[in-house]
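Colleague: Compute the structure for the input listed below.
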Amino acid sequence: MKEIYIEKEDAVSPVIATILMVAITVVLAATVYILVSHYTSVGATTPLAGSLAVNSEGSGSSVYYYNLTLTYSTPANMTNLNNFHLLVSSSGATFKFGSLLGFSTLSTSALSKLTSQVSGSVPAYVIVNPNGELVGSTNNNYIGSGAIIVLVSSSALPSGTSISVTYSGYSGTVSTTLP
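Modeller: Down below sits the predicted model:
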């Protein structure tokens, strides 16, 4: 009887196979890490650090006003006015303000225009930077630390009303409560 010999060929040596398996494992682990790290970093932002204090309140010509001082250390400057949000919460009613009312100077006509913006019980506001310029005017498009927020309402806000500031891109709020 005649024997048939079949030559066996190994595909790769055991050393090369081990190196390939380790390389594939490293590539897969790196891919999973990149995917997972993206999901865990979403929403992780720098906290908004600062304070909001009530300086004064009063009334005049059928409106009530509140002067608040906004002092903050983070961010360095609030340069995007679209990211600034003022929230007033009182007795179940919450008012969120997105855009500022723009005036060139804080004058009697500006205050009368501000009071005309007050509709019903919804307050309106302007912000004056520490240098005395109104935020939102032609040359003043940032909110500096130490800015004064003038909040105007058609009726007195109840004691315990919460006033909060948020700035998109930063976590948390800076808030105060009316006495």
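Colleague: Outside of stretch 157-169 itself, list whatever touches it.
Modeller: Stretch 157-169 has contacts (C-beta atoms under 8 Å, 6 or more residues apart in numbering) with 45-46, 48, 50, 52, 64, 66, 68, 70, 75, 78, 80, 82-91, 123, 151, 172-179. C-beta here means a position set from N, CA and C on the backbone, and glycine is covered the same way.
Colleague: Is it possible to mark the buried ones in the residues you listed?
Modeller: Buried residues within these, defined by neighbour count using 16 or more other C-beta atoms under 10 Å: 48, 50, 52, 64, 66, 68, 70, 75, 78, 84, 86, 88-90, 123, 151, 173-174, 176, 178.
Colleague: Which helix or strand in the protein has the lowest average pLDDT?
Modeller: Lowest mean confidence among the helices and strands of the chain (mean pLDDT, DSSP states H and E): helix 108-117, at a mean of 53.
Colleague: name the helices or strands packed onto the next helix or strand after that helix?
Modeller: Next in sequence after helix 108-117, counting helices and strands by DSSP states H and E, comes strand 124-128. Where contact means 3 or more C-beta pairs under 8 Å, 6 or more residues apart in numbering; DSSP states H and E, strand 124-128 is packed against helix 108-117, strand 147-153.
Colleague: okay, the angle between strand 124-128 and strand 147-153?
Modeller: Inter-element angle recorded for strand 124-128 and strand 147-153: 160 degrees (by axes from the mean of the first three to the mean of the last three C-alpha atoms, to 10 degrees).
Colleague: CA atoms only: put stretch 154-172 into CSV for me.
Modeller: Extracted in CSV, the C-alpha atoms of stretch 154-172 (Å, rounded to 0.1, in the frame of the first residue of the first chain):
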residue,chain,number,x,y,z
SER,A,154,-45.6,96.1,38.1
SER,A,155,-46.2,94.9,41.6
ALA,A,156,-44.0,94.2,44.6
LEU,A,157,-42.4,90.7,44.5
PRO,A,158,-43.3,88.7,47.7
SER,A,159,-40.8,88.2,50.4
GLY,A,160,-38.9,84.9,49.7
THR,A,161,-38.8,85.4,45.9
SER,A,162,-35.8,83.6,44.5
ILE,A,163,-33.7,85.4,41.9
SER,A,164,-31.1,83.2,40.1
VAL,A,165,-28.5,83.7,37.4
THR,A,166,-27.2,80.9,35.1
TYR,A,167,-24.7,81.1,32.4
SER,A,168,-24.7,78.4,29.7
GLY,A,169,-21.5,76.4,29.6
TYR,A,170,-21.1,76.6,33.4
SER,A,171,-22.9,74.5,35.9
GLY,A,172,-24.9,75.7,38.9
